[in-house]
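Student: here is the input, now give the coordinates:
(one chain, ligands or ions: 1)
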Amino acid sequence: MKSGVKYPLARSTRELEAGELVKLCSNESPVGPSPKAVEVLKQEAEKVGEYPDPSSIEPKKAIGEYLGVNPNMICMGNGSDEIMDLACKIFIDPGDKCLIPIPSFSMYEIACRVNLGEPKFIELSDFQWQTKGLLEALGDVKLAFIGRPNNPTGNSIDEDGLRELLETGKPIIVDEAYAEFSDYSVVDWTKSYENLLVLRTFSKIFGLAGLRIGYSIGGPKVIKALEGIRPPFNVNRLAQSAAIAALEDEEFVQEVKNMIITGREYLQEELSKLDFRVLPSDTNFLMVGLENLEADAPKVCDYLDENGILVRDLTNFRGAGPNWIRVTIGKPDQNERLIDALKMFKEG
Ligand SMILES: Cc1ncc(COP(=O)(O)O)c(C=O)c1O
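Tutor: Numbers count the residues shown, from 1 in each chain. Purely as a prediction, here's the structure:
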């Protein structure tokens, strides 16, 4: 079954020298992984002739300590994307509906469709989270996806609202891919809500997107069901060992967080000065509105591409449109390059 949904991967249309391109389109970490994780990868490379631990016991222990949960409440995935797919397999049958607030991460729709589910989209009015509409929409669905913080809006449903959704007893997936950039999480709630599955990833603050390792935290019943259908060797040897080293390097993670928050504040201020509408964000990206400009997203993105900068055009992002782009926070010099290019764009 094909989802029919294209996963957008921005690529430059130009030939560029290595290092020349500023990639602010995929919400990756601009500094990549901890050097300690890279060191471990080199050592582990010697052992790739052997299969990985199918139960990912060591990463689960490390994550358990990191989050204060029992390792048996964790299921690992080949990226958190894989767990979205596995969750659809356990919660929905063909024709069942999945609630997907929009705009949000396109993989929710893909996971739903490839499992023969039917997405039920609910538009966030002016990109704000209203519990009432979501509660009403939950009525006939089997599963709901909630990004918290949400991609691309950068904001979250509040705790009271989320509690109301959970009280319905419907399975709710709370995707916390960007939690490390915010100061909130509902991982602890998995101890009291059996219908809550929280997703986390090593692709964002830990800078390991290319290795594909993510995980979920949930109650014993859900985790057992996920473990029951997970492919045995879904998380490779390199990913398992690098994830542990990445978690251990707390100082590095804190530095990345500080850099991103400072960069976020800088970009928020400078973009606002240039008359862009910048939505508040608890993540490593900003959703940026162009309604005050005489240009749409394809035009802005083309201009930036010509100047060696890639950002995400949200024209085809369900629930966003041609007035919106999404910008990943980069290193300070990359953020400055973006602002300089946008100044030139505005000056014509
Ligand atoms: C909201 C959200 N969840 C999950 C992911 C992907 O995570 P992973 O790389 O672990 O599959 C992304 C990546 O952009 C994302 O934006």
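Student: could I get the full set of strands for the chain?
Tutor: Using DSSP state E, the strands of the chain run over 22-24, 74-77, 97-102, 118-123, 143-147, 172-175, 196-201, 214-218, 277-278, 285-289, 309-313, 324-328.
Student: tell me how far the closest residue to Asp160 other than its chain neighbours lies from Glu167.
Tutor: The shortest distance from Asp160 to any non-neighbouring residue, by CB to CB, 6 or more residues apart in numbering, is to Thr131 (7.4 Å). No exception for glycine: its C-beta is placed from N, CA and C like everyone else's. According to CB to CB, to the nearest Å, Thr131 and Glu167 sit 11 Å apart.
Student: count the neighbours of the residue of the stretch 51-200 of the chain found nearest the ligand for me.
Tutor: Nearest residue of the stretch 51-200 of the chain to the ligand, counting by CB to the nearest ligand atom: Gly79, 2.8 Å away. By other CB atoms under 10 Å, 24 other residues sit near Gly79.
Student: surely Ile213 is in contact with Phe202?
Tutor: Yes: here Ile213 reaches Phe202: they are 4.7 Å apart, a contact under CB atoms under 8 Å.
Student: identify the contacts common to these two.
Tutor: The contact sets of Ile213 and Phe202 overlap at 239, 242-243 (CB atoms under 8 Å, 6 or more residues apart in numbering).
Student: circling back to that earlier point, okay, Thr131 and Glu167: which has more neighbours?
Tutor: Using other CB under 10 Å as the criterion, Thr131 and Glu167 rank with Thr131 on top: 15 against 11.
Student: who in the chain is up against the ligand?
Tutor: Proximity of the chain to the ligand is confined to 27, 79-81, 105, 147, 151, 175, 177, 201, 203, 209, 214 under the rule CB under 6 Å from any ligand atom.
Student: rerun at 5 Å
Tutor: 27, 79-81, 105, 147, 151, 175, 177, 201, 203, 214 (CB under 5 Å from any ligand atom).
Student: all helices for the stretch 151-300 of the chain, in order.
Tutor: 159-167, 220-229, 237-248, 250-273, 297-306 (DSSP state H, counting those that start in this stretch).
Student: can you list the buried residues in stretch 243-261?
Tutor: 243-249, 252-253, 256, 259-260 (16 or more other CB atoms under 10 Å).
Student: and which of those is nearest to the ligand?
Tutor: Ala243 (11.0 Å).
Student: circling back to that earlier point, turn the buried residues of stretch 243-261 into a markdown table, including distance to Ile110 and pLDDT.
Tutor: Compiled in a markdown table, the buried residues of stretch 243-261 are given as follows (distance: CB to CB, whole Å; pLDDT from 0 to 100):
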| residue | distance to Ile110 | pLDDT |
| --- | --- | --- |
| Ala243 | 24 | 98 |
| Ile244 | 29 | 98 |
| Ala245 | 31 | 98 |
| Ala246 | 26 | 98 |
| Leu247 | 28 | 98 |
| Glu248 | 33 | 98 |
| Asp249 | 32 | 98 |
| Phe252 | 32 | 98 |
| Val253 | 29 | 98 |
| Val256 | 28 | 98 |
| Met259 | 31 | 98 |
| Ile260 | 27 | 98 |
